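Student: Show me how the following folds:
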Amino acid sequence: MQLSSVFKHYSTGAGRLTVLRDVSLTIAAGEFVSVIGPSGSGKSTLMHILGCLDVPSEGTYRFQDLNVGTLDASALARIRNREIGFVFQNFYLLPRMSALRNVELPMVYRGVPRAERRRRAEALLERVGLADRIHHLPNELSGGQRQRVAIARALANDPAVILADEPTGALDTQTGREIMALFRALNEQGVTVVVITHDPDVARTARRMIRLVDGRIVSDGRVEES
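Tutor: Residues are numbered from 1 along each chain as shown. Modelled structure (predicted):
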């Protein structure tokens, strides 16, 4: 993933609002990166661009050698479904579906046969420590367990990248640490992980930390092992 001189503008009643300002960065395959900054710093907008949910107003974003700004909506949707897994603060699990069915859902959209979907979903739920909860509905799971289901769902189509937006924001401190330990373990298995957060402790779990202020990168460096 490579951003070069990226700006993002939005039109408002008062004129033009610039949310990202001259952002350039490269995230290599296999990295574990956190993006930290206060509310309004542009973190979520950056994640939307990295995740092909939005495109730059100026500058270029290249994902796997594709210039994202030149792609149409169907091409962007294909990248999101096949190459990027998303994890959000509020989980976004379908309440009437079991953990197993929630994890299967991205594979349904991709056309994976039913037997293969089930086999893979069961393996992913075991991978995140929920082999004994596969038939539970979301309201029968704790917050940490729901986030683990969301992580398993993000991994369903074997994506190149996991993007996590405030993944510990709805969790207590200890459960948040467990979720970040799971991201680190996934990264050690070769998954590229990018975590968006306002929490310094969460950010320091990554191996590289990028700090945003007012839409600009003000620091970018390795996290010292504690």
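Student: Next secondary structure element downstream of the longest helix anywhere in the chain?
Tutor: Longest helix in the chain by number of residues, with DSSP state H as the criterion: helix 173-188. As assigned by DSSP states H and E, the chain's next helix or strand after helix 173-188 is strand 192-197.
Student: who's in contact with the longest helix of the chain?
Tutor: Helix 173-188 has contacts (Cβ atoms under 8 Å, 6 or more residues apart in numbering) with 30-32, 128-129, 142-144, 147-148, 151, 155, 162, 164, 167-168, 171, 193, 195, 199, 202, 205, 207. Just so you know, the C-beta spots here come from the backbone N, C-alpha and C atoms, and that holds for glycine as well.
Student: Show only the entries of those residues found in helices.
Tutor: Using DSSP H, these in helices are 143-144, 147-148, 151, 202.
Student: Grab the two from these that are most spread out in space.
Tutor: Arg148 and Val202 (16.3 Å; Cβ to Cβ).
Student: dump the residue contacts of the residue positioned nearest the centre of the chain.
Tutor: By Cα atoms, centre = their mean, the chain has its centre lying nearest to Leu163, at 1.4 Å. Listed by Cβ under 8 Å, 6+ apart, the contact partners of Leu163 are 47, 50-51, 84-87, 194, 196.
Student: thinking again about what came up before, which among the contacts of helix 173-188 end up buried?
Tutor: 31-32, 128, 144, 147-148, 151, 155, 162, 164, 167-168, 171, 193, 195, 199, 202, 205, 207 (16 or more other Cβ atoms under 10 Å).
Student: between the longest helix of the chain and strand 192-197, how many degrees?
Tutor: 150 degrees (axes from the mean of the first three to the mean of the last three Cα atoms, to 10 degrees).
Student: Just the CA trace of helix 173-188, in PDB.
Tutor: Below are the C-alpha coordinates for helix 173-188, written out as PDB (Å, rounded to 0.1, in the frame of the first residue of the first chain):
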ATOM      1  CA  THR A 173      -8.900  -2.900  29.100                       C
ATOM      2  CA  GLN A 174      -8.000  -6.600  29.700                       C
ATOM      3  CA  THR A 175     -10.200  -7.700  26.800                       C
ATOM      4  CA  GLY A 176      -8.700  -5.000  24.600                       C
ATOM      5  CA  ARG A 177      -5.200  -6.400  25.400                       C
ATOM      6  CA  GLU A 178      -6.400  -9.900  24.400                       C
ATOM      7  CA  ILE A 179      -7.700  -8.600  21.100                       C
ATOM      8  CA  MET A 180      -4.500  -6.800  20.300                       C
ATOM      9  CA  ALA A 181      -2.500  -9.900  21.200                       C
ATOM     10  CA  LEU A 182      -4.600 -11.800  18.700                       C
ATOM     11  CA  PHE A 183      -3.800  -9.200  16.000                       C
ATOM     12  CA  ARG A 184      -0.100  -9.600  16.900                       C
ATOM     13  CA  ALA A 185      -0.400 -13.400  16.500                       C
ATOM     14  CA  LEU A 186      -2.100 -13.000  13.200                       C
ATOM     15  CA  ASN A 187       0.700 -10.600  12.100                       C
ATOM     16  CA  GLU A 188       3.300 -13.200  13.100                       C
END
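Student: Below-threshold pLDDT in the chain: ranges please.
Tutor: 226 (pLDDT under 70).
Student: Count residues in the vicinity of the residue lying closest to Thr168 once chain neighbours are set aside, would you?
Tutor: Leaving aside its sequence neighbours, Thr168 sits nearest to Gly176 (Cβ to Cβ, 6 or more residues apart in numbering; 3.3 Å). Gly176 is flanked by 22 other residues according to other Cβ atoms under 10 Å.
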